[in-house]
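Asks: Sequence unavailable; structure follows:
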């Protein structure tokens, strides 16, 4: 579904990505691991077309070079960005419907009712402004908003960072349910124990390069090595 091959990218004169390689098969959950500053979010921005990349990224077999970020999103990539970014002066309901679409004619698309079923707290706060929500509620809202676009691929950048343990558990439960439903996911997080259970395959970045990859069994065998890349 998504392939990155020898991707390079950066910000003006500062190169951040030097050789990133990554593949996400349809219906699989794949993680991107690494310490802060190693290029994970830059990789996400490159996938979404926020940072221009000359070559090396394909979505469903089609190159994304030169394609605008909004056009990439319309092709079927939904992003939950780092930092729980929501529309602060819109209500919960307005956030969810603002970009809602079923472009690919899914028989059972994501709707308000389905989102409220997954995150009942959002139903309770449906008429509240997003800026009044707690951090955990805003993260639920960001995930719900991305799902309302009915994406082929969902990207979650640090989906549980800074959240209370009970909220993190709700988010992990949501991700597990999405996997069971066949949703393709690129997941960035630091909790290796949970990721080993949920994800199918893992990639590790170090200084803008893919330095390790493997399935969850390999991650268990190479736990010390991977922890050396991921840990502080």
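Replies: Right, received. Where do you want to start? It should be emphasised that the depicted structure is a prediction, and the values quoted were computed from it without experimental measurement. Numbering: from 1, shown residues only.
Asks: going forward, measure contacts and count neighbours with C-alpha atoms only.
Replies: OK.
Asks: what does the helix ranked longest in the chain rub up against?
Replies: Ranked by residue count, the top helix of the chain under DSSP state H comes out as helix 165-180. Helix 165-180 is contacted from outside by 27-29, 118, 136, 140, 159-160, 185, 198, using Cα atoms under 8 Å, 6 or more residues apart in numbering.
Asks: Ok, stretch 214-232 next?
Replies: Under Cα under 8 Å, 6+ apart, the answer for stretch 214-232 is 33-35, 190, 196-197, 199-206, 212.
Asks: same question, stretch 44-53
Replies: So stretch 44-53 is contacted by 7-11, 42, 57, 64-69, 72-73, 77, 155, 157 (Cα under 8 Å, 6+ apart).
Asks: Of these, grab the buried ones for PyMOL.
Replies: Selecting only the buried entries of those in PyMOL, with 16 or more other Cα atoms under 10 Å as the criterion:
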select buried, resi 7+8+9+10+42+57+64+65+69+72+73+77+155+157
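Asks: Of the contacts of stretch 214-232 - the most surrounded one?
Replies: Of all the contacts of stretch 214-232, the highest neighbour tally under other Cα atoms under 10 Å goes to residue 33, namely 28 neighbours.
Asks: for that residue, what are its contacts?
Replies: 40, 188-190, 202-205, 230.
Asks: Go again with 7 Å.
Replies: By Cα atoms under 7 Å, 6 or more residues apart in numbering, the contact list for residue 33 reads 188-190, 203-205, 230.
Asks: can you check residue 188 too?
Replies: 31-33, 156-158.
Asks: Arrange those residues in JSON lines, one row each, with secondary structure as further columns.
Replies: Shown next, in JSON lines, are the contacts of residue 188 (DSSP: H, G, I helix; E, B strand; the rest coil):
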{"residue": "31", "secondary structure": "strand"}
{"residue": "32", "secondary structure": "strand"}
{"residue": "33", "secondary structure": "strand"}
{"residue": "156", "secondary structure": "strand"}
{"residue": "157", "secondary structure": "strand"}
{"residue": "158", "secondary structure": "coil"}
